[in-house]
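A.B. asks: Sequence first, then the predicted structure:
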Amino acid sequence: MLRTITKSHLLKVRPYSTASAVSALKARVPWKKTDYVSPTQAQMLKTTISHLFEQPSKTFKAGDAVPPGFHLAYFNPCDPEPTLASDGYSEQQAPGEPYVNRMWLGGSVEFHEGKGLQMGEQSTCSETLVDVREPGSSAGDKLLVTIQREMRNDSVEQPALTEKRTLIYMKAETGEKRGASFDKVITPPEGATHSVTFIPSSTLLFRYSALTFNGHKIHYDPDYAREVESLPAVIVHGPLTVTLMLTWMNDIVHKEQPGKRIAAFEYKNVLPLFCNNELTLRCKPLKNSDGYKVWIENHNSSLCMSGMLKVE
């Protein structure tokens with residue numbers, strides 16, 4: 001598989017103040033990643049998650065469109081291990097020290113009209129820094145970083161999809177205080193018309209980390225998660241919840257609204273989901289719209305992710 005990254009900022013950035021961290025991030029030029037959109041990669045991802053939804057097996061081939069949510073298996077950082085942060089994550093788009101803990105806060109995906117991202121083609125992902133700021137009450141101990149990504153096959157000019165993702169970066173001492181929120185119960189919406197429940201296993205998380213070339217230790221190293229970041233267990237990836245939700249909803253849309261497609265998805269993660277703890281995906285149709293309200297609940301029936309799905 002060919003994957004190259006054209007970026008001059010592969011060295012770790014070590015600003016030690018909020019102002020310098022923000023300045024360093026804003027000074028960086030756009031990133032560009034090229035990738036061969038391999039059917040094999042999609043096949044392995046399908047194999048990793050299809051049993052969760054009792055979906056039939058499917059063999060992908062060149063010319064097939066990348067299913068909604070499977071784009072996350074492509075265009076990922078391919079950094080040498082010595083350039084990674086101490087938590088195993090890429091430093092390409094990170095503010096650097098002292099913001100050493102990070103979590104996936106939310107984002108959006110817009111699937112443009114057309115054939116979509118096609119398998120079997122060399123393709124490009126262009127990434128830009130949209131925003132970097134302190135949350136209103138953070139007192140300098142947190143930063144929100146939002147990246148926009150446009151993906152297209154090199155054979156066409158128009159992007160197949162546009163994604164935005166926001167990560168929250170925290171100082172180590174802030175990360176250690178997160179535990180108080182993990183047992184919090186946030187009341188989820190009512191009136192779900194569809195739901196599916198399963199337990200995310202360590203194998204599922206490991207395979208997704210491998211498929212996305214994600215070295216972030218909070219997803220596969222329980223000792224690191226507990227002892228360094230004060231987490232009760234390894235965490236389900238934010239991108240994995242996106243892949244799972246879009247895969248599940250794609251089937252529902254095709255069954256309930258034949259001829260229509262997922263056009264956009266916007267979501268926010270409000271609490272982390274942990275390995276080996278039951279989770280439930282739910283949805284209900286929006287009033288006066290062809291879209292859906294979607295959400296994920298944890299084993300305590302607390303809302304953990306909330307989103308809106310647009311259908312056209």
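C.D. replies: Sure thing, it's come through. Please read all numbers here as calculations on a predicted model, not as lab measurements.

A.B. asks: Hmm, Gly215 is touching Ala85, no?
C.D. replies: No - assessed by Cβ atoms under 8 Å, Gly215 is found out of contact with Ala85, at 9.0 Å. The C-beta positions use only the backbone N, C-alpha and C, and glycine is treated the same way.

A.B. asks: Let me see the contact set for the residue most central in space within the chain.
C.D. replies: With distances taken as Cα atoms, centre = their mean, Pro239 lies nearest the centre of the chain, 2.1 Å away. Applying Cβ atoms under 8 Å, 6 or more residues apart in numbering to Pro239 gives the contacts Leu72, Trp104, Tyr208, Thr212.

A.B. asks: Let me know the secondary structure of it.
C.D. replies: helix (DSSP: H, G, I helix; E, B strand; the rest coil).

A.B. asks: just Ala210 next, same as before
C.D. replies: Applying three-state DSSP: Ala210 is helix.

A.B. asks: ok, now how distant is it from Pro272?
C.D. replies: Distance of Ala210 to Pro272, given as Cβ to Cβ, to the nearest Å: 21 Å.

A.B. asks: Mind checking which of these two has more residues around it?
C.D. replies: Pro272 (22 against 13; other Cβ atoms under 10 Å).

A.B. asks: any idea which element the more buried one lies in?
C.D. replies: Per DSSP states H and E: Pro272 is located in neither a helix nor a strand.

A.B. asks: Against Glu113, how distant is it?
C.D. replies: Separation of Pro272 from Glu113 (Cβ to Cβ): 35 Å.

A.B. asks: again with Ala225
C.D. replies: 41 Å.

A.B. asks: Do a quick rundown of the helices in the stretch 51-200 of the chain.
C.D. replies: Secondary structure of the stretch 51-200 of the chain, counting by DSSP state H, counting those that start in this stretch: helices at 172-176, 179-182.

A.B. asks: I'd like the mean pLDDT over the longest one, please.
C.D. replies: Across helix 172-176, the average pLDDT comes to 68.

A.B. asks: Repeat that for stretch 57-73.
C.D. replies: On average, stretch 57-73 scores 95.

A.B. asks: next one: that stretch to chain centre, how far?
C.D. replies: On the basis of Cα atoms, centre = their mean, to the nearest Å, stretch 57-73 sits 17 Å off its chain's mean C-alpha point.

A.B. asks: Over to stretch 271-291?
C.D. replies: From the chain centre to the centre of stretch 271-291 is a distance of 15 Å (Cα atoms, centre = their mean).

A.B. asks: And stretch 101-119, by the same measure?
C.D. replies: With Cα atoms, centre = their mean, you get 8 Å for stretch 101-119.

A.B. asks: Name the residues of that stretch that are buried.
C.D. replies: Residues 101-109, 111-112, 116-119 are the ones in stretch 101-119 that count as buried (16 or more other Cβ atoms under 10 Å).

A.B. asks: just those: which has the poorest pLDDT?
C.D. replies: Among those, Asn101 has the weakest pLDDT, 88.

A.B. asks: Can you give me the distance of that one to Gly291?
C.D. replies: Distance, Asn101 to Gly291, using Cβ to Cβ: 34 Å.

A.B. asks: go on, Asn300?
C.D. replies: 28 Å.

A.B. asks: again, but for Val234
C.D. replies: From Val234 over to Gly291 the distance is 33 Å, taken as Cβ to Cβ.

A.B. asks: again with Tyr220
C.D. replies: 34 Å.

A.B. asks: cool, and Pro135?
C.D. replies: Distance from Pro135 to Gly291, by Cβ to Cβ: 28 Å.

A.B. asks: same question, Ile49
C.D. replies: 23 Å.

A.B. asks: and what of Phe206?
C.D. replies: 33 Å.

A.B. asks: And Lys255, by the same measure?
C.D. replies: Lys255 sits 16 Å away from Gly291, taking Cβ to Cβ as the criterion.

A.B. asks: the more surrounded of those two?
C.D. replies: Between Lys255 and Gly291, Gly291 has the larger neighbour count (other Cβ under 10 Å), namely 21 against 9.
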